[in-house]
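Asker: task: produce atomic coordinates for the following.
(one chain, ligands or ions: 1)
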Amino acid sequence: MIPAAFDYVRATSLDDALARLAAGGGSAKAIAGGQSLLPLMKLRLARPETLVDIGRLAELKGVRRLGDGRVSIGGLTTYDEMLRDMTLHRYGLLADALPNIGDVQVRNRGTIGGATAHADPASDMPAILLALDAEVVVRSVRGERAIPIAGFFQGAFASALEPDELITELRLPGGREDLGSAYRAIEQPASGYSIAGVAAIIGARSGDRWGFCSVAITGVGEHPYRATAVESAILGGASFEAAAAHACDGVTVASDIHADREYRAHVATVQVRRALEAAAARLA
Ligand SMILES: Cc1cc2nc3c(=O)[nH]c(=O)nc-3n(C[C@H](O)[C@H](O)[C@H](O)COP(=O)(O)OP(=O)(O)OC[C@H]3O[C@@H](n4cnc5c(N)ncnc54)[C@H](O)[C@@H]3O)c2cc1C
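Answerer: Predicted coordinates:
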């Protein structure tokens, strides 16, 4: 439970942090809230030579509305700060998920940038970002790029992020009045991580057909994914229950001491139906 020796520097600005990460050549790592990185270091599953503390960079904090109507969440914004931000209250799926992530310490320290960069296959925020079709804005000494969330998560703890890049913002669509959203999860009681967590957005109804459906699932596959077969079934007129049966189509369902493959797949199906029902109820 004692990390290997490391150097520690506190970044004084975003540019300072980026320069230090670039100079580290892969052996330097950013630390934000430390809620994922420190446990890994204590288990010696991560052994950075230098920790670059970005925790006090005010320029990476906060929620603001962009000129094009989208909403930008700074990479260092904590779960608790998101919970208290009025701009985000219109996102039903965030209101559902945020109060249940970890405990008070995790919500006070853990950041949306850290959760996204860490790319834990059972983390809640990645499913929400996928359902919302968010954009990940990253910076390095080479400049800035915007990565569509659809291609961001590439495997368990693997993402499109380069070692010297920092997530500066997550950009969400502004939110439409004709869409409802919800998040439903069955959690592993000891850690709070999802055995299956589902983010759903539905709406734009015309007659008896839904015109929009987005469903993303965490905790089930190698990485969080969009359940496109569920979405197609809904848009094709299937009931929530029939569509939910496609929750794990094309996915190798994980199996571990908390949930075997069959149980986890069943939980995913149930949670997809519940998330769709809850999202649709918010439209009423
Ligand atoms: C007891 C416990 C319970 C938890 N329960 C849940 C839960 O129920 N649901 C859930 O989803 N999560 C849960 N978590 C995980 C938690 O959400 C994450 O640990 C946290 O959000 C990570 O953010 P951080 O700022 O602490 O990241 P850190 O631990 O500081 O960093 C994590 C990784 O991200 C990198 N990083 C950090 N910030 C950036 C950035 N801006 N740009 C690029 N890279 C960056 C770091 O280099 C490191 O590799 C739990 C954690 C704990 C300890």
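Asker: list the residues that contact residue 205.
Answerer: 178, 211, 283 (Cβ atoms under 8 Å, 6 or more residues apart in numbering). Just so you know, the C-beta spots here come from the backbone N, C-alpha and C atoms, and that holds for glycine as well.
Asker: relative to the ligand, how far out is the first one?
Answerer: If I follow you right, that is residue 178. Going from residue 178 to the ligand by Cβ to the nearest ligand atom, to the nearest Å gives 29 Å.
Asker: wouldn't that residue be in contact with residue 202 here?
Answerer: No. Applying Cβ atoms under 8 Å as the test, residue 178 and residue 202 come out as separate, 10.0 Å apart.
Asker: next secondary structure after the helix or strand that contains residue 22?
Answerer: Following DSSP states H and E, one finds residue 22 within helix 14-24. The first helix or strand that comes after helix 14-24 along the chain, using DSSP H and E, is strand 28-31.
Asker: contacts for that next one?
Answerer: The contact list for strand 28-31 (Cβ under 8 Å, 6+ apart) reads 17, 20-21, 37-38, 46, 48-55, 117, 166.
Asker: now with 6 Å, please.
Answerer: With Cβ atoms under 6 Å, 6 or more residues apart in numbering as the test, strand 28-31 has contacts from 21, 37, 48, 50, 51, 52, 53, 54.
Asker: near the ligand, which residues of the chain?
Answerer: Residues of the chain found near the ligand (Cβ under 6 Å from any ligand atom) are 29-37, 75, 101-102, 106, 109-111, 113-115, 117-118, 123-125, 166-167, 191-193.
Asker: going through those, which ones are buried?
Answerer: The neighbour count (16 or more other Cβ atoms under 10 Å) marks 29-37, 75, 101-102, 106, 109-111, 113-115, 117-118, 123-125, 166-167, 193 as buried among the residues of the chain next to the ligand.
Asker: mind checking which of these are in helices?
Answerer: Counting by DSSP state H, these place 37, 106, 109, 113, 114, 115, 117, 118, 124, 125 in helices.
Asker: from those residues, which two are the most distant?
Answerer: Across those, the longest distance by Cβ to Cβ is 17.9 Å; it joins 37 and 124.
Asker: excluding covalently adjacent residues, which one is nearest to the residue in the stretch 151-284 of the chain that the ligand sits nearest to?
Answerer: Going by Cβ to the nearest ligand atom, the ligand is nearest to residue 192 of the stretch 151-284 of the chain, at 3.2 Å. Residue nearest to residue 192 in three dimensions, not counting chain neighbours: residue 102, with 5.4 Å by Cβ to Cβ, 6 or more residues apart in numbering.
Asker: now swap in residue 113 and tell me
Answerer: Nearest non-adjacent residue to residue 113, counting by Cβ to Cβ, 6+ apart: residue 75, 2.9 Å away.
Asker: report the contact partners of the one you found.
Answerer: 60, 113, 167, 168 are the contacts of residue 75 under Cβ under 6 Å, 6+ apart.
Asker: which SSE is residue 264 in?
Answerer: Per DSSP H and E: helix 261-281 holds residue 264.
Asker: can you list the domains in the chain?
Answerer: 7-53, 61-172, 181-281 (automatic domain parsing).
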